[in-house]
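Enquirer: Show me the folded form of this:
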Amino acid sequence: MVPAYVKLFHDKNYESVLDGEVIETGAGIVLRKKVSKVGELFIFRKKKRPQPEVEKKKKKMKMRKRRINKLLLTGLLLFIITGCSTTKHLPEDELLYIGTPTPKIVGYNEADNGEATLEEVQGALNVAPNNSFFGSPKYRIPLPLGLWVYNRFERYEKGIGKWIFKKLAADPIYVSTVNPDTRTKVASNVLRENGFSG
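Expert: Model (predicted):
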């Protein structure tokens, strides 16, 4: 608490011949306070120091709120991801192409024209699947953003929807377009012709 007291005064003084006797009577309030800044002169309440138990409870509540927010955000993202279908607008009897497994080549030898044969086989089989990673025939991105955009914004003919479609959409690659069975047969024939078993 700030120490304060009331000061009463009554002064009789003889100022000069013209003024004569001057009497001053009054009261004043005196406050004594240690301050580090001028602005603290006008703060009359002490700051309450938080108790350690209260601080712990506040920290626990903040951590709990953060966890709940993270869970809600994760749930919302999962809901959005599962709600976006990449097969919604597929033509009947069509499947999306997701890649062809790499064949095992037995008896591979670089000296026996093996490198050239391997390149021919890969040329026959390597077709980038849907949501491939920068056109890679082996690696795919787990979230098919391009297909989602294609399905959602295909119908727009102008405006922002058309712009989003042009910039982000990826045309679906169908199994019937790639024809993996024919490609596998071509690769097997190339291997047999060069003395490999595939």
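Enquirer: tell me the mean pLDDT for the lengthiest helix in the chain?
Expert: Assignment by DSSP state H gives helix 52-83 as the longest helix of the chain. Mean pLDDT, computed over helix 52-83, is 84.
Enquirer: so how far is it off the chain centroid?
Expert: Centroid displacement of helix 52-83 relative to its chain, using C-alpha atoms, centre = their mean, to the nearest Å, is 15 Å.
Enquirer: Which helix or strand lies directly C-terminal to that helix?
Expert: Where DSSP states H and E defines the elements, the next helix or strand beyond helix 52-83 is helix 114-125.
Enquirer: Okay, buried residues for that next one please.
Expert: Neighbour-count burial for helix 114-125 flags 114, 117-118, 121, 124-125 (criterion: 16 or more other C-beta atoms under 10 Å). Glycine gets a C-beta too; all of them are placed from N, C-alpha and C.
Enquirer: With stretch 148-168 instead?
Expert: Using 16+ other C-beta under 10 Å as the test for burial, stretch 148-168 gives 148-153, 165.
Enquirer: before we move on, back to that, what comes up buried for the longest helix of the chain?
Expert: Judged by neighbour count (16+ other C-beta under 10 Å), helix 52-83 contains no buried residues.
Enquirer: name the helices or strands packed onto it?
Expert: Counting contacts by 3 or more C-beta pairs under 8 Å, 6 or more residues apart in numbering; DSSP states H and E, helix 52-83 is packed against no other helix or strand.
Enquirer: before we move on, back to that, got a markdown table for the buried residues of helix 114-125, with pLDDT and distance to Ile173 too?
Expert: Output for the buried residues of helix 114-125, formatted as a markdown table (pLDDT from 0 to 100; distance: C-beta to C-beta, whole Å):
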| residue | pLDDT | distance to Ile173 |
| --- | --- | --- |
| Gly114 | 68 | 30 |
| Thr117 | 74 | 26 |
| Leu118 | 75 | 24 |
| Val121 | 77 | 20 |
| Ala124 | 79 | 16 |
| Leu125 | 80 | 14 |
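Enquirer: out of those, which one sits closest to Lys65?
Expert: Of all the buried residues of helix 114-125, Leu125 has the smallest distance to Lys65: 52.2 Å, by C-beta to C-beta.
Enquirer: so the closest one makes contact with Thr100?
Expert: Yes: using C-beta atoms under 8 Å, Leu125 is in contact with Thr100, at 5.2 Å.
Enquirer: Leu143 is in contact with Ala170, correct?
Expert: No: counting by C-beta under 8 Å, Ala170 stays clear of Leu143, with 11.9 Å between them.
Enquirer: list residues touching both of the two?
Expert: Shared contacts of Ala170 and Leu143 (C-beta atoms under 8 Å, 6 or more residues apart in numbering): Asn131.
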